[in-house]
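Trainee: pasting the sequence and the predicted coordinates here, then a few questions.
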Amino acid sequence: MDSLVTTEWLAEALSESDLVVLDASMHLPAAGRDARAEFLDGHIPGARFFELASLKDETSDVPSALPRPDQLAERLASLGVSPDHRIVFYDDSDVKTAARAWYLCRAHGLENVAVLDGGLAKWKAEDRALESGELEIAPIETFELPSPARIRLKADMLANIDSGAAQVLDARDVGRFSGAIEDTVHNLPSGHIPGSCNLPFPMLYADDGTLKQPDKLRRVIEATGLDLNQPVITSCGSGVTACILLLALEQVGHGDVALYDGSWLDWASDPDTPKAQDGAH
């Protein structure tokens, strides 16, 4: 299964027993939306609510840290999902949170995972069937997952400033990245990690909410100055939209990637980390 699937593909595959659809919608507080309530009101037939917002390692010093392997395994098992299933995530979020769910699964060794291109909005626009309420789901016995791979922490990012071993690509808007506007999303100083490039995640999408085709994605990515022959670490406000960059990089065939867990929320919360301003690298 590809990492990005179409609404047409999903509509045809819904009845297949090894396929599970999970709603990974999550919203910024300012949106004033209740993801679970919206799921109960209407969702893709057979979908289960992933409750992505609660999947964080609260024992970690990293703000909004990826869940521990046991947390993720227990959540999936509670939804009747095993490592043998094919999983399709979708969302109805302005910040495209299905990509976060996709990457945290991939980081924990689950390979048969995909994102629905265009999400619930495209599904609805095509007048496809919806269900309301919640399924009665039989949980399964939990299982073991490996520790997450392709994850970077603050110490790695500090070392990378000196070594330049990997390029850093930031998914936030130009104003917060450059320091031109106040960061009201996280109430932190604005700016960016020194040496990083900026690619606001909305630039990766077509007008219908689907990811742009790979050739167009490549042009958008390379326009930032990024060298697609070199390693890339993605960052954003808290580690959500950075995963959209990871999905786009995979679509153009670039696999030497990692996620800065915690991202700017982690970096800017530390008064001792260097912060650059006044434009992109």
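Mentor: Arrived safely.

Trainee: tell me who's in contact with residue 96.
Mentor: 119, 201, 205, 241, 244 (Cβ atoms under 8 Å, 6 or more residues apart in numbering). C-beta: built from backbone N, CA, C; applies to glycine.

Trainee: mind checking which of those residues land in helices?
Mentor: Using DSSP state H to define helices, the subset of the contacts of residue 96 located there is 119, 244.

Trainee: my guess is residue 204 meets residue 212, correct?
Mentor: Yes. Taking Cβ atoms under 8 Å as the definition, residue 204 is a contact partner of residue 212 at 6.1 Å.

Trainee: convert the C-alpha atoms of stretch 102-120 to PDB, please.
Mentor: What follows is stretch 102-120 as a C-alpha-only set of coordinates in PDB (Å, rounded to 0.1, in the frame of the first residue of the first chain):
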ATOM      1  CA  TRP A 102       1.100   8.300   9.700                       C
ATOM      2  CA  TYR A 103       4.600   9.200  10.800                       C
ATOM      3  CA  LEU A 104       4.400   8.200  14.400                       C
ATOM      4  CA  CYS A 105       3.300   4.800  13.200                       C
ATOM      5  CA  ARG A 106       6.100   4.600  10.700                       C
ATOM      6  CA  ALA A 107       8.600   5.700  13.300                       C
ATOM      7  CA  HIS A 108       7.500   2.800  15.500                       C
ATOM      8  CA  GLY A 109       8.100   0.300  12.700                       C
ATOM      9  CA  LEU A 110       4.600   0.000  11.200                       C
ATOM     10  CA  GLU A 111       5.100   0.100   7.500                       C
ATOM     11  CA  ASN A 112       1.700  -0.600   6.000                       C
ATOM     12  CA  VAL A 113       0.300   2.800   6.900                       C
ATOM     13  CA  ALA A 114      -1.200   5.500   4.600                       C
ATOM     14  CA  VAL A 115      -2.800   8.900   4.500                       C
ATOM     15  CA  LEU A 116      -6.100   9.600   2.700                       C
ATOM     16  CA  ASP A 117      -5.200  12.300   0.100                       C
ATOM     17  CA  GLY A 118      -7.600  15.200   0.500                       C
ATOM     18  CA  GLY A 119      -9.000  13.800   3.800                       C
ATOM     19  CA  LEU A 120     -12.600  13.900   4.900                       C
END
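
Trainee: all set, thanks.
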